[in-house]
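Enquirer: Give me a model of this one.
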Amino acid sequence: MKLTLHHINLSTEKVEEMDSFYREVMGLGQAQDDVPGLRGDKDVYDGDVAFLDDGKTHLHVARKDVEAGFRTGQIVNPVARGHIAYRCDDIAAFKTHLEARGVPYSDWGTSAVNGWHQIYFYDPDGNVIEVHQVIG
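Expert: Down below sits the predicted model:
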């Protein structure tokens, strides 16, 4: 089971301003490949998101939504404070890996992104970590 850094997600009320900042000041461009297909479901998450990259790693700037966890019944809310995301090649094996170490996680499945099976959990300091696998 291999993990690679895929994206960092910043949650904000200022998506357009942040998008401009990261393009103009930091020199990032519009992500051209591997842009997730958000479902846009108001019962899951339908906020604005800017997808940027540096040619290798993505930056997702997402509209903050502190109630996404409540609406979905999930403990971990990835768009309340943002998260760091890793891609894996075997999500089932990674879930087993977490369970063996006593790390609880929220399994969002493909409810937010078409074609990505996503799980979220906390590091020891409360930072949200996403691990996802491209499926289908």
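
Enquirer: low-confidence ranges in the protein?
Expert: Scanning the chain for pLDDT under 70 picks out the ranges 34-41, 43, 46.

Enquirer: the helices in it, which residues?
Expert: For the chain, the helices defined by DSSP state H cover 15-24, 68-72, 91-100.

Enquirer: Buried residues, the first one. List them.
Expert: To tie it back to what came earlier, the one meant is helix 15-24. Of all the residues in helix 15-24, those buried under the rule 16 or more other CB atoms under 10 Å are Val15, Met18, Asp19, Tyr22. No exception for glycine: its C-beta is placed from N, CA and C like everyone else's.

Enquirer: show me the contacts for the last one.
Expert: Residues near Tyr22 by CB atoms under 8 Å, 6 or more residues apart in numbering: Leu28, Ala50, Leu52, Leu59, Val61.

Enquirer: Count the neighbours of the first one for me.
Expert: Spelled out, it's Leu28. 21 (other CB atoms under 10 Å).

Enquirer: For it, which residues are in contact?
Expert: Leu28 touches Tyr22, Leu52, Asp53, Asp54, Leu59, counting by CB under 8 Å, 6+ apart.

Enquirer: Also the third one?
Expert: Leu52 makes contact with Asp19, Tyr22, Arg23, Leu28, Gly29, Gln30, Ala31, His58, Leu59, His60, Val61, according to CB under 8 Å, 6+ apart.

Enquirer: Just list whatever residues bridge to it.
Expert: On the basis of DSSP bridges, Leu52 is bridged to Gln30, Leu59.

Enquirer: any idea how far it lies from Gln30?
Expert: 7 Å (CB to CB, to the nearest Å).

Enquirer: so what sits against both of these two?
Expert: Jointly contacting Leu52 and Gln30 under the rule CB under 8 Å, 6+ apart are Arg23.

Enquirer: mind listing the strands in the chain by residue range?
Expert: Here the chain has its strands, by DSSP state E, at 3-12, 29-30, 37-38, 49-53, 58-63, 83-88, 106-109, 113-114, 116-122, 128-134.

Enquirer: I'd like those strands as JSON lines, with distance to Ala100 appended.
Expert: Below are the strands of the chain laid out as JSON lines (distance: least, CB to CB, whole Å):
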{"stretch": "strand 3-12", "distance to Ala100": "16"}
{"stretch": "strand 29-30", "distance to Ala100": "40"}
{"stretch": "strand 37-38", "distance to Ala100": "32"}
{"stretch": "strand 49-53", "distance to Ala100": "33"}
{"stretch": "strand 58-63", "distance to Ala100": "29"}
{"stretch": "strand 83-88", "distance to Ala100": "15"}
{"stretch": "strand 106-109", "distance to Ala100": "16"}
{"stretch": "strand 113-114", "distance to Ala100": "26"}
{"stretch": "strand 116-122", "distance to Ala100": "13"}
{"stretch": "strand 128-134", "distance to Ala100": "15"}
